[in-house]
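**Student:** Just need the structure, nothing else, for what follows:
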Amino acid sequence: MASRAWLDLRAHWRDTFVAVFGVEPTCAACGGRWTLRNGDLHHRNYDRLGHERFDDLIPLCRECHEQLHRILECIPAWRRMGRAQASDVIVARIRATASKEEGR
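**Tutor:** The predicted structure is shown next:
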């Protein structure tokens, strides 16, 4: 994850995001700031590792990325669902929890 190829891919992913959406990326789970320095890209799958497509990756802040992995790795049912679907559902759950906490 510290290779030049991965750093270049992250930069290309960010540039593509800005070109497509016209804004800087945010954490898909909590909506917080996402940058190349403090953000992670979570692999929805590893089918194209090294040749990832734009939608193979999800922008997450480090805290949400760690939370996603704690959930994904501690409950076997998530792994049976498939990594892409499990990742999407877990991100949605983290987002819903963050929204509820903001509404308090």
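
**Student:** Tell me the buried residues in the worst-scoring helix or strand of the chain on mean pLDDT?
**Tutor:** Least confident helix or strand of the chain, by mean pLDDT, DSSP states H and E, is helix 76-81 with a mean of 84. Using 16 or more other Cβ atoms under 10 Å as the test for burial, helix 76-81 gives 78, 81. The C-beta positions use only the backbone N, C-alpha and C, and glycine is treated the same way.

**Student:** and the helix or strand just after it, which residues are buried?
**Tutor:** Where DSSP states H and E defines the elements, the next helix or strand beyond helix 76-81 is helix 83-102. Judged by neighbour count using 16+ other Cβ under 10 Å, the buried positions of helix 83-102 are 83-84, 86-87, 90-91, 94-95, 98.

**Student:** and which of those residues is nearest Arg53?
**Tutor:** Ala84 (11.5 Å; Cβ to Cβ).

**Student:** Next one: the closest one, what pLDDT does it get?
**Tutor:** In this prediction, Ala84 carries a pLDDT score of 93.

**Student:** now His43
**Tutor:** The predicted local confidence for His43 is 94.
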